[in-house]
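> Whatever this is, show me its structure:
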Amino acid sequence: MAMTIFTLSLVGTAPSCEAAPRPVAAVDRTSEAPSLSVARKAFAAAVQANGPDAAETLLAELVLQSELVGAQRFEEALPHTRHVRDRLRQIHGPANAEVKTMTRWIGMMLTILGRTEEAAAETASNEAGSSDDKTQVQELMAKSAAAAGAGRYAEAETAARKASELARKVYGPEDPMTKRVGTILASLVALQGREAEAAGLGRAAVSRQADDPAAIRQLARTGAVREARDLAEILLARRRSDPAARGAGVGEAAALLADLEAGLDHRSAADPLYREVLDEARNRTGPESREAMDAFWDFAWNRAQLGDPGLSAQGVRDLQQILQLRRDRLGPGHPVTLDSANGVAGILYVAGRRTEAADLWRSVAGAPDSTPPSERIEQVVLARRALGGALLTDGDVASAYPFLRSAGVLIQQQVRDRRVTGGQERAAELLGEYRDVWLGQIRAGWALAHSNP
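Down below sits the predicted model:
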């Protein structure tokens, strides 16, 4: 999660002045994890090939820093974290949210190392120059997230409460930001075992638009899935009892509850709900409509993952049937068709039908990747990532590497495009995905290099 935030401003950065020196304390590397060794060598290679401040090098440095933190080598991780933070500070200034996030991480590592005075100085530099109230809301939520990530839920709740009160004043009670902060606060209360209070907070955050499933889905995205599921059950019961909400309204609420049950891995509970949604869509729009086809997909997707072998097998056959229908109606290169192919491939791979899965991923991975729409490119990236990972797991490094490398190149391209067009949230998600691809790529590349001396 931290890497997603850290890397948001790295891709596409221009070369800067000479890099600051990064001394590294002597450490025993005889017993370190292979992934750390690979990350260390990949970073050294990136510095040599691209220079210390190139975007690719900074991404490699973040991977190395992540591996070092995972190995609890904070002393060695510190100079790398500071270098990337300082580079971001040069580009965006000290008030940038990503700079502040990295500074908080530096402070936490210094605290762990017992260097409390340095940690206090980093904290003071982070708190200096706080701007307007909206920025303060963001800073409080970042502080809350950092505390929650360290398991300090009471501290996280305090910060979230301050953010919630401030958000109501700054944005107003109906603003999506105010509701988002409120649902995060509810999830933090729930994590501390105060279920009744959390339920009240969650309902308060949703009650202003109690008939809006989007608000309940937002609550689930904060981690309070069980609470969201309870609210969805109430919503569905209310719509079933309301004659004015028949048809699409009931189907929408049933789909919401089904998705949340499936998210909790309650596949058996979700099955009749997905069936209800499917029947309602077919009756209202006809069996051949896109809405009915989408509902059929959700029903079959859930059924393919049931524990019952017979029902699961039928679910897989239904998914394959839908994939073929979408190929025939929408075309093999349509984003929805590619998404369906990736989904079926994933189900087949988990079921042990790896050859069939690889063939489907190859069919998507070979689709055109340089033309709109962007959804098509995202499906191509997904297929290349999945196929590269599967080949790497099977030990076929030579075949895995080009798929992983091309996926990484496409993600970097997308990030640049999204940042230009203002899609910052999706850019952050893509960079989180890129980190996974990057790790697989450097591991495959290193293994490939050593297999061909």
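> make it CA atoms for all contacts and neighbour counts henceforth
Will do.
> Give the burial count for V350, as a bare number.
Neighbour count for V350, taken as other Cα atoms under 10 Å: 11.
> Could you tell me the per-residue confidence at it?
pLDDT, V350: 87.
> Helix, strand, or coil at G172?
Here G172 is coil, with the state taken from DSSP: H, G, I helix; E, B strand; the rest coil.
> Name the helix or strand for the nearest residue to it once chain neighbours are set aside, please.
Spatial nearest neighbour of G172, chain neighbours left out: T178 (7.0 Å); criterion: Cα to Cα, 6 or more residues apart in numbering. For T178, the element it lies in under DSSP states H and E is helix 176-191.
> count of neighbours near the residue nearest to G172?
T178 has 22 nearby residues by other Cα under 10 Å.
> That one and Y171 touch, don't they?
Yes. T178 is in contact with Y171 according to Cα atoms under 8 Å; the separation is 6.6 Å.
> picking up where we left off before, residue contacts, the residue nearest to G172?
Contacts for T178 were tallied using Cα atoms under 8 Å, 6 or more residues apart in numbering; they are 164, 167-168, 171-172.
> Now tabulate these in CSV and tack on neighbour count and distance to R376.
CSV is the format used below for these (neighbours: other Cα atoms under 10 Å; distance: Cα to Cα, whole Å):
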residue, neighbour count, distance to R376
S164, 25, 38
A167, 25, 37
R168, 17, 39
Y171, 15, 36
G172, 14, 38
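> Out of those residues, which is nearest to Q218?
If you rank these by distance to Q218 using Cα to Cα, S164 comes first, at 15.7 Å.
> The host helix or strand of R362: what's the following helix or strand?
Per DSSP H and E, R362 falls inside helix 354-365. The helix or strand immediately downstream of helix 354-365 is helix 374-393, counting by DSSP H and E.
> phi, psi of L236?
Main-chain dihedrals, L236, degrees, to the nearest 10: phi -60, psi -40.
> Same question for A253.
Phi and psi for A253, reported as degrees, to the nearest 10, are phi -70, psi -40.
> Need the pLDDT of it.
Reading off the model, A253 has pLDDT 89.
> hang on, isn't it packed against P213?
Yes. Assessed by Cα under 8 Å, A253 is found in contact with P213 at 6.9 Å.
> Need the overlap of contacts for these two.
A232.
> Between the two, which has more neighbouring residues?
Relative neighbour count places A253 above the other of A253 and P213, with 26 against 21, counting by other Cα under 10 Å.
> Next, the contact list for that one, please.
Residues near A253 by Cα under 8 Å, 6+ apart: 213, 232, 235-236, 239.
> redo that, cut-off 7 Å
Residues in contact with A253 (Cα atoms under 7 Å, 6 or more residues apart in numbering) are 213, 232, 235-236.
> Could you point out which of those residues is nearest to E195?
A232 (16.7 Å).
> Quick check: closest non-adjacent residue to that closest one.
In space, A232 is closest to L257, 5.4 Å off (Cα to Cα, 6+ apart).
> right, and that neighbour touches L231 too?
No. At 8.8 Å, L257 does not count as touching L231 under the criterion of Cα atoms under 7 Å.
> Just want to know which of the two has more residues nearby.
Ranked by neighbour count (other Cα under 10 Å), L257 and L231 place L257 first, with 28 against 22.
> May I ask which helix or strand encompasses the more buried one?
helix 248-263.
> Then G193?
Counting by DSSP H and E, no helix or strand carries G193.
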